[in-house]
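Visitor: Predicted model follows, preceded by the sequence.
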Amino acid sequence: MKKSPDTKAVVLYNKEILPGYFLLGLKWKAAKAAPGQFVMLRTSGGFDPLLRRPLGIYSVINAGGKKTFGDDGIELLYKVVGKGTKILSQKVKGDGIDVLGPLGNGFTLKAEHENKKVILLSGGMGMVPLVFFAKALGSGTALFGCRSKAEVQLASGFKKNGCKLRVATEDGSAGEKGLATDLLKDEITNDSVVYACGPVAMLKATAAIAATVGAVCFVSLERAMACGIGACLGCAVKSGKHSGVYDPSGVIENREYKMVCSDGPVFDGADIDWEAF
Amino acid sequence: MKKSPDTKAVVLYNKEILPGYFLLGLKWKAAKAAPGQFVMLRTSGGFDPLLRRPLGIYSVINAGGKKTFGDDGIELLYKVVGKGTKILSQKVKGDGIDVLGPLGNGFTLKAEHENKKVILLSGGMGMVPLVFFAKALGSGTALFGCRSKAEVQLASGFKKNGCKLRVATEDGSAGEKGLATDLLKDEITNDSVVYACGPVAMLKATAAIAATVGAVCFVSLERAMACGIGACLGCAVKSGKHSGVYDPSGVIENREYKMVCSDGPVFDGADIDWEAF
Amino acid sequence: MKKPARVKLKSNPLEVVIAGVKFKNPVMTASGTFGYGSEFAAYTDLNKLGAIVVKGLSLKPRAGNPGPRTVETPCGMLNAIGLQNVGVDAFIKDKMPFLRGVDTRVIANIFGETIDEYAEVAHRLDNCPGVSALEINISCPNVKKGGIVFGTDPLQAYAVVKAVKDAARLPVITKLSPNVTDIKVMVKAVEDAGTDAISLINTLTGMAIDVEKRRPYLKNVTGGLSGPAIRPVAVRLCWEAKKVARVPLVGMGGIMTASDALEFLIAGADAVQVGTASFVDPDAAVKIASGIADYLKRHAMTLGELVGSIRV
Amino acid sequence: MKKPARVKLKSNPLEVVIAGVKFKNPVMTASGTFGYGSEFAAYTDLNKLGAIVVKGLSLKPRAGNPGPRTVETPCGMLNAIGLQNVGVDAFIKDKMPFLRGVDTRVIANIFGETIDEYAEVAHRLDNCPGVSALEINISCPNVKKGGIVFGTDPLQAYAVVKAVKDAARLPVITKLSPNVTDIKVMVKAVEDAGTDAISLINTLTGMAIDVEKRRPYLKNVTGGLSGPAIRPVAVRLCWEAKKVARVPLVGMGGIMTASDALEFLIAGADAVQVGTASFVDPDAAVKIASGIADYLKRHAMTLGELVGSIRV
Ligand SMILES: Cc1cc2nc3c(=O)[nH]c(=O)nc-3n(C[C@H](O)[C@H](O)[C@H](O)COP(=O)(O)OP(=O)(O)OC[C@H]3O[C@@H](n4cnc5c(N)ncnc54)[C@H](O)[C@@H]3O)c2cc1C
Ligand SMILES: Cc1cc2nc3c(=O)[nH]c(=O)nc-3n(C[C@H](O)[C@H](O)[C@H](O)COP(=O)(O)OP(=O)(O)OC[C@H]3O[C@@H](n4cnc5c(N)ncnc54)[C@H](O)[C@@H]3O)c2cc1C
Ligand SMILES: Cc1cc2nc3c(=O)[nH]c(=O)nc-3n(C[C@H](O)[C@H](O)[C@H](O)COP(=O)(O)O)c2cc1C
Ligand SMILES: Cc1cc2nc3c(=O)[nH]c(=O)nc-3n(C[C@H](O)[C@H](O)[C@H](O)COP(=O)(O)O)c2cc1C
Ligand code: FES
Ligand code: FES
């Protein structure tokens, strides 16, 4: 039985790459991570905020790898939305942070999908795990949606990692005007495999589109998390093994609850009861 | 009726002058303060810790005065003892701090005491308001007690401000071995006026010694404070108007409760029911 | 629809009527946390408050409990003041003149060790100009006699409220304790006794121990827990009370920001009180009132539409 | 005095016996916050725990409530899991083999919608090797039937405990709800029914509202409040229970650090449970146990001397 693993990380950098968006580099011994996995980190030493905050892993820093800092570690990319991320944004080089992880089951390209057209679909901060996945894949079609021009830079990692990138903005200030799922409708065929992460409405639409054309789709979900390790049963989503086509108008009964933290965060899009989300 | 006064202060410096002891310079418009007054400051923007923390004023920074920073402000000197002071110690130049004050009634040399021998007696952080008072007086006998040599430097302000300084350390590693009240017994006469601040045991002994020799004594008290402005009635000490000599063996009945924050923190030592403290 | 909207814009969107009394906004300061008002005059604009609820008043002046009387806890604080107050006569003589000069409502929080004392305090305040309503504290946990006993027994609570109603013509708000198994029973009891409104919650009874000394931090051993820590309990009790209440509710417990206050209004409270927050920021209640106004504007709602608008 | 002190140094200073069961230390993990133990195996040394109290077990597997099931509040969290669990049979078959491999005690927390269900669950666990005691959850606020009803009515509580005692030979710990007017009445009721120990507190019922959506954060509307926010209430209830209790007490509610745990021990609890803290730090319970050992050493006290050592 293992003793407590190393949860002590040290801030290498914490840069505001866009107003309100921070890239956090952490020196961390436990930095073995797969795309789509996440960490739970304590933002403060006190009890307000009380719980750890889940953040997806943006990249792995390997000593001797492309990004060399002489340290192993991870990169996180986060948006300041509340008190936890606010406190996090004030951390400076050398500060200690308590990090649990890597957690969950991430994105994988299954053998049976290897010959399919890979589509990486993301909205807003949903790009975090998919940029990491793109690096592992080295190719694919990335579709990215965001509010406006200001956030388009978030998706730059897709190109760097060898993907074709198409962008949609809600206000049309960059790329095409519309939603990422509008782009998806262009690109998707029954021979596509879609990996998606972003707002729940986007994921729901993605699952419906994929089901309609008969494509495979995997989605990374978000839920408020207390433990991150499958113990509190707090991050439940209604799910269940079924092989039928998703029918947004019908209600799927008798589905078990799955835990986003330990069963996911990546699920087969056809496996989620979207009506109950 | 006034609107909310300026509670916004900005950190000028926050220096660790001794291990665990910090000198905090604040730029603050409301910096009109008398010796013995205090401020209530918020250490964090969150709610843990919830309440403001009381800190005595160490000095007033006046633009054009001796210490010139081009700003009006105050200096605080604090010891890190718990979570509030810990958070405070992490503030850096330019950080904002919410400060309420100056509060309370401080030390004054009353006309009827002007010809008496002035003794400034302090223990540990109790020196803070008395160094400020020493500056206003420009002379006097300062008696300072602390654990050991390491803390003796805290009392250096007394000499700078024109006082004769005698030091006692509990372990004898500097000055005389013993307590500040041992030095007091040497110095006090029935023609002395003693101003004291420090641990409650020291203040209690001081009041008893002063009563025995027939000297006048004023003490600055500490109590946990919620509001600092006389509203919550939380910082009560048993007190009352009486003119007799303090008798530590007797119980003084029918004393009212006084509020340390608004009636004090400085009280006539003979006016406190020390048994009930 | 357009015409009434324009009319509303001209009137005060925060105005609320509770127990027949018109308040300029639904944000009051909670009893015991705002002194007699004057203590805060230098730190906030008292004229912008919906009401000032003064420190609990008893017939005779009370010295209160020995110290320490307060201790901080995670996101909260315990207090055991023991209802130190100047007494109802000194209040009327010394404190009311100042309060009459403030352009806000004054609510007198009252307390007694016996039912007769409650009635007598109410009677004396009844003829005091400038007092708009009485708030009956049947729920203070920090005194030996009275207080919590009245607040946890529906029959006793009924008797206190009845006696106060008989003794005074002023509107009566009854303040409930959270330390009960079923708040709905208490709501019904005080309504039956004729209360004009209900405020809730008073503090939860708590205790903290200094482990180095192995003694309670408070000389009184236990004290009342207030502050953000208790907000989820307070919101829940407010929502449960609303299910059965026929009279207006005034919600409180851990309100620090406008958003916190909105939780109570949405749960069904017609007004709120701000307590511990005033210690952290003496200007809190005024900021909260303006934050509520901003919310109503942003959501194009009236206060009346907001109250009880929760969808479960 | 010197000789016994030396003897004590050789034995385990943290050992405690509750309801006839010997625990290696007085720090247990609280039900529902530590899964079935295995979830934490990678993050802490399970062998160093006084006991693992597993997630509440019912007769049949339960799916639990729809999400969202948790929301953070100031220094606390609300949960409405709805007692999702694998059911008692799957627990015995699938979860116990792992737990038997851990060098600690296993306490099975049980739950039923009817008194018969409680008895049946207890009966099935009675013959399961490796289960050291039963903890009866009569106080879960998040399920429609059972739970809180049993936990707030002394007669119902009596009936549940009696039925479990009759159905099983294992020692029984009854877990009380804080949502009652008088905890002493509940203590007496479950003692009369034959409980071997009492644990307290379960969560306080609370609620939080998303003011932008004007909906409760939890799909279940209300949930159980846990974490440091509730500690003052929990310590107070523990101390009140101690005044009348004849059986040992297991205290909990907001314990994050050794110092917090010491408050409960000093107030009179023989052992403690660590709940929400395990989410913040999976190693919390182990750290707390070692912190208690440090304290005893520093103060040259035995655990027995510490328990109930408060001077009021
Ligand atoms: C598996 C997982 C991976 C994530 N990865 C990233 C990431 O890579 N980068 C990133 O910026 N964010 C990510 N998030 C979201 C991130 O966890 C939340 O933004 C963060 O917890 C907010 O904390 P806070 O204290 O700043 O905000 P809070 O003060 O807690 O809340 C502010 C607002 O955010 C909402 N919020 C709070 N928690 C969550 C949550 N868990 N999910 C969604 N909304 C929430 C609240 O409803 C509220 O409106 C991830 C979430 C999950 C579950
Ligand atoms: C009028 C007044 C003036 C003060 N001036 C100074 C000063 O100039 N410099 C300075 O360093 N300190 C001063 N103090 C003490 C200072 O307020 C406390 O040290 C501080 O509040 C501790 O906060 P914390 O969050 O760090 O500690 P906490 O986490 O709150 O507690 C840590 C320890 O400090 C004790 N403590 C907490 N509050 C107080 C208090 N109000 N008084 C005494 N002990 C307390 C607790 O019992 C605990 O043991 C003053 C106190 C008062 C009342
Ligand atoms: C220091 C203090 C003194 C209080 N005194 C009284 C009182 O005299 N009468 C009363 O009805 N409530 C009293 N209360 C309770 C508050 O009015 C309020 O019900 C409670 O604090 C919860 O609100 P909060 O969390 O916003 O503080 C007091 C609370 C505090 C903190
Ligand atoms: C997510 C969660 C699930 C819980 N599930 C149970 C349960 O199944 N049975 C039970 O008796 N108590 C349950 N509890 C209550 C805890 O065991 C404990 O009594 C409570 O959380 C207070 O302790 P804490 O503040 O240390 O968390 C649960 C608590 C939480 C936070
Ligand atoms: S966050 Fe606890 S089970 Fe997923
Ligand atoms: S701290 Fe509130 S009255 Fe002194």
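Guide: Right, received. Where do you want to start? As the structure is a computational prediction, the values presented were derived from the model and not from experiment. Ligands and ions are numbered 1, 2, ... in the order given.

Visitor: Now look at stretch A:28-41 and say if it contacts ligand 5.
Guide: No - using C-beta under 6 Å from any ligand atom, stretch A:28-41 stays clear of ligand 5, with a minimum separation of 8.3 Å. C-beta here means a position set from N, CA and C on the backbone, and glycine is covered the same way.

Visitor: Does that stretch reach ligand 1?
Guide: Yes - counting by C-beta under 6 Å from any ligand atom, ligand 1 is contacted by stretch A:28-41 at residue A:38.

Visitor: ends of that stretch, how far apart?
Guide: End-to-end distance for stretch A:28-41, by C-alpha to C-alpha, to the nearest Å: 12 Å.

Visitor: repeat for stretch C:208-221
Guide: Stretch C:208-221: ends 8 Å apart by C-alpha to C-alpha.

Visitor: Can you give the contact residues for it?
Guide: Residues from elsewhere that reach stretch C:208-221, judged by C-beta atoms under 8 Å, 6 or more residues apart in numbering or on different chains: C:65-71, C:73, C:78, C:80, C:82, C:142, C:207, C:222, D:231-232, D:235, D:259, D:262-263, D:266-267, D:295, D:309-312.

Visitor: what about the helix or strand where residue A:86 lies, distance to the chain center?
Guide: For residue A:86, the host element (DSSP states H and E) is helix A:83-89. Centroid separation for helix A:83-89 versus its chain: 19 Å, with C-alpha atoms, centre = their mean, to the nearest Å.

Visitor: Just the buried residues of it, please?
Guide: Going by neighbour count (16 or more other C-beta atoms under 10 Å in any protein chain shown), the buried part of helix A:83-89 is A:83-85, A:87-89.

Visitor: Of those residues, just say which sits nearest to ligand 5.
Guide: Relative to ligand 5, the closest of these is residue A:84; by C-beta to the nearest ligand atom it sits at 15.0 Å.

Visitor: interface residues of the stretch 1-150 of chain C facing chain A?
Guide: Selection of the stretch 1-150 of chain C residues close to chain A by C-beta under 8 Å from any C-beta of the partner chain yields C:74-75.

Visitor: will you turn the buried residues of helix A:83-89 into a markdown table that also has distance to residue D:35?
Guide: Shown next, in a markdown table, are the buried residues of helix A:83-89 (distance: C-beta to C-beta, whole Å):
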| residue | distance to residue D:35 |
| --- | --- |
| A:83 | 28 |
| A:84 | 24 |
| A:85 | 28 |
| A:87 | 28 |
| A:88 | 27 |
| A:89 | 32 |
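
Visitor: Return the member of those residues nearest to residue D:122.
Guide: residue A:84 (41.7 Å; C-beta to C-beta).

Visitor: Quick check: that closest one touching residue A:48?
Guide: No - if you go by C-beta atoms under 8 Å, residue A:84 and residue A:48 don't touch, sitting 9.9 Å apart.

Visitor: how far away is the residue of the stretch 1-150 of chain C found nearest ligand 4 from residue D:257?
Guide: Among all residues of the stretch 1-150 of chain C, residue C:74 sits closest to ligand 4, at 10.6 Å; criterion: C-beta to the nearest ligand atom. Shown here: residue C:74 relative to residue D:257, a distance of 11 Å by C-beta to C-beta, to the nearest Å.

Visitor: These two: which is more packed in?
Guide: Neighbours per residue, other C-beta atoms under 10 Å in any protein chain shown: of residue C:74 and residue D:257, the larger number sits with residue C:74, 29 against 17.

Visitor: just to revisit the earlier point, can you tell me which of the contacts of stretch C:208-221 are buried?
Guide: By neighbour count, with 16+ other C-beta under 10 Å, these hold C:65-71, C:73, C:78, C:80, C:82, C:142, C:207, C:222, D:231-232, D:235, D:259, D:262-263, D:266-267, D:295, D:309-310 as buried.

Visitor: Could you check the helix or strand encompassing residue A:201 and say which residues are buried?
Guide: Per DSSP H and E, residue A:201 falls inside helix A:200-213. For helix A:200-213, the neighbour count (16+ other C-beta under 10 Å) marks A:202-211 as buried.

Visitor: How about stretch C:102-121?
Guide: Under the neighbour-count criterion of 16+ other C-beta under 10 Å, stretch C:102-121 has C:102, C:104-113, C:115, C:117-121 buried.

Visitor: Which residues are in contact with the residue lying closest to residue A:136 once chain neighbours are set aside?
Guide: Leaving aside its chain neighbours, residue A:136 sits nearest to residue A:35 (5.3 Å; criterion: C-beta to C-beta, 6 or more residues apart in numbering or on different chains). Residue A:35 is in contact with A:57, A:106-107, A:129-130, A:132-133, A:135-136, counting by C-beta under 8 Å, 6+ apart.

Visitor: What residues does the stretch 151-277 of chain A have near chain D?
Guide: Going by C-beta under 8 Å from any C-beta, the residues of the stretch 151-277 of chain A near chain D are A:223-238, A:256-257, A:262, A:276-277.

Visitor: Could you list the domains of chain A?
Guide: Per automatic domain parsing, the domain ranges recorded for chain A read A:6-103, A:111-276.

Visitor: Give me the average confidence score over the shortest one.
Guide: Spelled out, that is domain A:6-103. The predicted model gives domain A:6-103 an average pLDDT of 88.

Visitor: for stretch C:120-140, same thing?
Guide: Here the average pLDDT along stretch C:120-140 is 94.

Visitor: my guess is residue A:20 contacts residue A:80, does it?
Guide: Yes - Residue A:20 lies in contact with residue A:80 (C-beta under 8 Å); the separation is 5.1 Å.

Visitor: Great, nothing more from me.
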